[in-house]
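Q: Curious how this folds, go ahead:
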Amino acid sequence: MKRIAVVEDNPDNRLLVQVILEPYYAVVEYETGSAALEGLPREKADVVLLDISLPEMDGIEVLRRLRENPALSRLPVIALTAHAMSGDREKYLAAGFDDYVSKPILDEQVLLDAIHRHLPAD
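A: Below is the predicted model of the structure:
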C-alpha cells in the first residue's frame, strides 16, 4: 500500500485528511516540520502533504530542507494550505512544491487526484 505523509499541526485537519485517505493509503502524520524532517527518512513516504503555516518552521523551509537531503530530494510534496488567495498556487509551485491543494478541503476528489498525479508507478 502506498504511504502518504501528512505534515499538519491542526489535529482536526489531520483527522479529516486521515479519514479521506485511509481507505486508499497508509497514512503517517507529523505535527511539526521538525518531526517530519526527522521521521521521513525512516518512513519512506510516497507523497507528502505539507501545510505551509507550521510552528517552529514554515512549510517552505521544510520543503527546502527536504530538497537538500539527497534521499528525499525527489519526494513529491504537495502544499496543503489555507493560503488560498489569488497567486498563492503559483507562489508555492514556484517555491518547489509539486502540487497545491487549498484548505478547507471541500471536494475530497481534488486531494485524491493531486496525490494520484504524483504517486510513483508500481
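
Q: give the contact list for the residue sitting nearest the centre point of the chain.
A: Most central in the chain under Cα atoms, centre = their mean is Leu49, positioned 1.1 Å from the mean C-alpha point. If you count contacts by Cβ atoms under 8 Å, 6 or more residues apart in numbering, Leu49 has them with Ile4, Ala5, Val6, Val7, Glu8, Val17, Ile78, Leu80, Val101, Leu111, Ile115. C-beta coordinates here come from the backbone N, C-alpha and C atoms, glycine included.

Q: possible to save those as JSON lines with distance to Thr32?
A: Supplementary listing: the contacts of Leu49 in JSON lines, determined by distance: Cβ to Cβ, whole Å:
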{"residue": "Ile4", "distance to Thr32": "17"}
{"residue": "Ala5", "distance to Thr32": "13"}
{"residue": "Val6", "distance to Thr32": "12"}
{"residue": "Val7", "distance to Thr32": "8"}
{"residue": "Glu8", "distance to Thr32": "10"}
{"residue": "Val17", "distance to Thr32": "16"}
{"residue": "Ile78", "distance to Thr32": "18"}
{"residue": "Leu80", "distance to Thr32": "15"}
{"residue": "Val101", "distance to Thr32": "20"}
{"residue": "Leu111", "distance to Thr32": "21"}
{"residue": "Ile115", "distance to Thr32": "22"}
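
Q: Which residue is the nearest non-sequential neighbour of Gly33?
A: Residue nearest to Gly33 in three dimensions, not counting chain neighbours: Val62, with 3.7 Å by Cβ to Cβ, 6 or more residues apart in numbering.

Q: so that neighbour makes contact with Pro55?
A: No - counting by Cβ atoms under 8 Å, Val62 sits too far from Pro55 to count as a contact (11.4 Å).

Q: okay, these two: which has more neighbours?
A: Remark: of Val62 and Pro55, Val62 carries more neighbours, 25 against 10, as counted by other Cβ atoms under 10 Å.

Q: And that one, how far from Arg89?
A: Computed with Cβ to Cβ, to the nearest Å, the distance linking Val62 and Arg89 is 18 Å.
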